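S.K.: Fold the following, please.
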Amino acid sequence: MPRLIVPTNTTTLVMMMILVTTATFLTNAFAFTTIPSSKPFTSRSSSSSSTTTTRTRTKTSISAKSRSQSPLLDEGLEAYSYKFEGRRAMVTKEKAIVAFNELARLYGDEEAVAMVKLESRVLVFNSDNYAPCLASWTEQFGLEAAQGMVGRNPNLLAIRPELAVKPAEDCMVFSYIIAASRPLPKILGAGLLLSIATAGMH
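M.R.: Here you go, the predicted structure:
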């Protein structure tokens with residue numbers, strides 16, 4: 001198999017995303033259940049006035065979409081792979097509804113369902129972070145490209161806003177790698193991601 005070449009300027013953030021996504025592949029491959037940390041984001045550092053103004057305008061354009069309940073809410077909840085009740089539940093149904101409606105508002109109804117099918121934990125992550133993260137990525141790539149990046153790798157929704165403001169070129173590249181490896185058998189996909197992670201560490 002030809003060796004994939006990954007940019008040599010891989011940041012600590014990207015390495016964390018590589019390891020997180022690799023762990024997800026391995027988890028699904030061996031049918032283990034992982035309960036992620038649900039520690040909410042509580043603060044965000046202030047940026048310069050010009051950057052703040054640009055980000056505010058971006059958020060405004062994103063917020064222009066309807067805030068009503070998604071017509072595909074039921075389908076999105078049915079796509080969730082885990083349970084909403086019981087000792088091992090990772091999120092309540094009420095919070096999952098809020099998260100899905102926020103995904104649908106920012107990315108589109110059908111795209112939100114597709115992301116839940118790819119990674120059910122998008123309904124578990126802190127949905128308060130979804131809009132500011134998308135705003136930061138939109139500033140870097142444009143709205144359509146930013147939405148496509150997250151659609152290819154929904155695990156990016158676990159990132160906190162203060163990390164999303166950093167240059168995300170490597171996250172964009174890695175989203176294509178994730179999308180390309182997804183059709184492979186899970187063991188092969190996990191091995192591919194591990195080899196990429198190992199290469200990036202050297």
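
S.K.: Helices of this structure, start to end?
M.R.: Assigned by DSSP state H, the helices in the chain fall at 12-29, 49-63, 73-78, 93-107, 109-118, 130-141, 143-152, 161-164, 169-181, 186-201.

S.K.: For the third one, name the packing helices and strands.
M.R.: Helices and strands in packing contact with helix 73-78 are listed as helix 93-107, helix 109-118; criterion 3 or more CB pairs under 8 Å, 6 or more residues apart in numbering; DSSP states H and E. For every residue, glycine as well, the C-beta is placed using N, CA and C.

S.K.: In TSV, list the ones you listed along with mean neighbour count, mean pLDDT and distance to T138.
M.R.: Output for these, formatted as TSV (neighbours: other CB atoms under 10 Å; pLDDT from 0 to 100; distance: least, CB to CB, whole Å):
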stretch	mean neighbour count	mean pLDDT	distance to T138
helix 93-107	21	98	10
helix 109-118	20	98	15
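
S.K.: Now tabulate the ones you listed in CSV and tack on distance to E169.
M.R.: Output for these, formatted as CSV (distance: least, CB to CB, whole Å):
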stretch, distance to E169
helix 93-107, 21
helix 109-118, 22
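
S.K.: Relative to D170, which of those is closest?
M.R.: helix 109-118 (20.2 Å; CB to CB).

S.K.: follow-up on the earlier one: right, and the helices and strands packed on helix 73-78 - which one's nearest G86?
M.R.: helix 93-107 (11.8 Å).

S.K.: relative orientation of that closest one and helix 143-152 in degrees?
M.R.: 140 degrees (axes from the mean of the first three to the mean of the last three CA atoms, to 10 degrees).

S.K.: Please name every helix or strand in contact with helix 93-107.
M.R.: So helix 93-107, by 3+ CB pairs under 8 Å, 6+ apart, packs with helix 73-78, helix 109-118, helix 130-141, helix 143-152.

S.K.: CA atoms only for it, dumped as CSV, please.
M.R.: Provided in CSV are the C-alpha atoms of helix 93-107 (Å, rounded to 0.1, in the frame of the first residue of the first chain):
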residue,chain,number,x,y,z
LYS,A,93,-32.9,13.0,25.2
GLU,A,94,-33.6,16.6,25.9
LYS,A,95,-30.0,17.7,25.5
ALA,A,96,-29.8,15.5,22.4
ILE,A,97,-32.7,17.3,20.9
VAL,A,98,-31.0,20.7,21.5
ALA,A,99,-27.8,19.4,20.0
PHE,A,100,-29.5,18.0,16.9
ASN,A,101,-31.5,21.2,16.3
GLU,A,102,-28.3,23.2,16.6
LEU,A,103,-26.5,20.9,14.1
ALA,A,104,-29.5,21.2,11.7
ARG,A,105,-29.5,25.0,12.0
LEU,A,106,-25.7,25.3,11.3
TYR,A,107,-25.2,22.5,8.8
